[in-house]
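In: When you get a sec, could you give me coordinates for this:
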Amino acid sequence: EVQLVESGGGLVQAGGSLRLSCAASGFTFDDYAIGWFRQAPGKEREGVSCFSSSDGSTYYVDSVKGRFTISSDNAKNTVYLQMNSLKHEDTAVYYCTADLQCSWSRADFGSWGQGTQVTVSS
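Out: Presented below is the predicted three-dimensional model:
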């Protein structure tokens, strides 16, 4: 059974940093892509970043480029999202997801974590 457990969310002031973690189990980590999506109140869930374990490729939505960094510790089956220079508009529930390849489409991902709340005060 695929399991994804997010942690690391919280309340931070604008300009601050947080690091989210996604601990994965139940599948061959090296064969999968791990993505981060976020959903703000009243908005659609959007892709933020993705890490392809097969080749180490990373992807970012334009709004977080230069501020967020995705990385992986394959020995721990864990993907991290380091978020720096946080803005109020980054406030959302952040979800970890996994599938065979990276995609910006929520529909392409079959497994999701429970989400972790990130709140950035302005």
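
In: list the contacts for residue 73?
Out: Residues near residue 73 by Cβ atoms under 8 Å, 6 or more residues apart in numbering: 79-80. Glycine gets a C-beta too; all of them are placed from N, C-alpha and C.

In: partners of the helix or strand of the chain with the lowest mean pLDDT in the sheet?
Out: For the chain, scoring each helix and strand by mean pLDDT, DSSP states H and E identifies strand 111-112 as the least confident one, at a mean of 91. Next to strand 111-112 in the sheet, as set by DSSP bridges, lie strand 92-99 (antiparallel).

In: need the contact list for the closest residue to residue 96 other than its chain neighbours.
Out: Nearest in space to residue 96, with sequence neighbours left out and distances taken as Cβ to Cβ, 6 or more residues apart in numbering, is residue 22 at 3.5 Å. Applying Cβ under 8 Å, 6+ apart, one finds that residue 22 lies in contact with 4-6, 34, 36, 78-81, 96, 113.

In: run the last query once more with 7 Å
Out: Residue 22 makes contact with 4, 6, 34, 78-79, 96, 113, according to Cβ atoms under 7 Å, 6 or more residues apart in numbering.

In: now the least confident helix or strand of the chain: how far from the chain's centre is it?
Out: For strand 111-112, the gap between its own C-alpha mean and the chain's C-alpha mean amounts to 12 Å (Cα atoms, centre = their mean, to the nearest Å).

In: Kindly report the same for stretch 41-60.
Out: Distance, centroid of stretch 41-60 to centroid of chain: 6 Å (Cα atoms, centre = their mean).

In: now what about it, what contacts it?
Out: 29-39, 61, 64, 68, 70, 72, 74, 79, 81, 101-102, 104, 106.

In: Can you measure across that stretch, start residue to end residue?
Out: For stretch 41-60, the first and last residues are 21 Å from each other (Cα to Cα, to the nearest Å).

In: mind listing the strands for the chain?
Out: Listed in chain order, the strands of the chain (DSSP state E) span residues 3-7, 10-13, 18-25, 33-39, 46-52, 58-60, 68-73, 78-83, 92-99, 111-112, 116-121.
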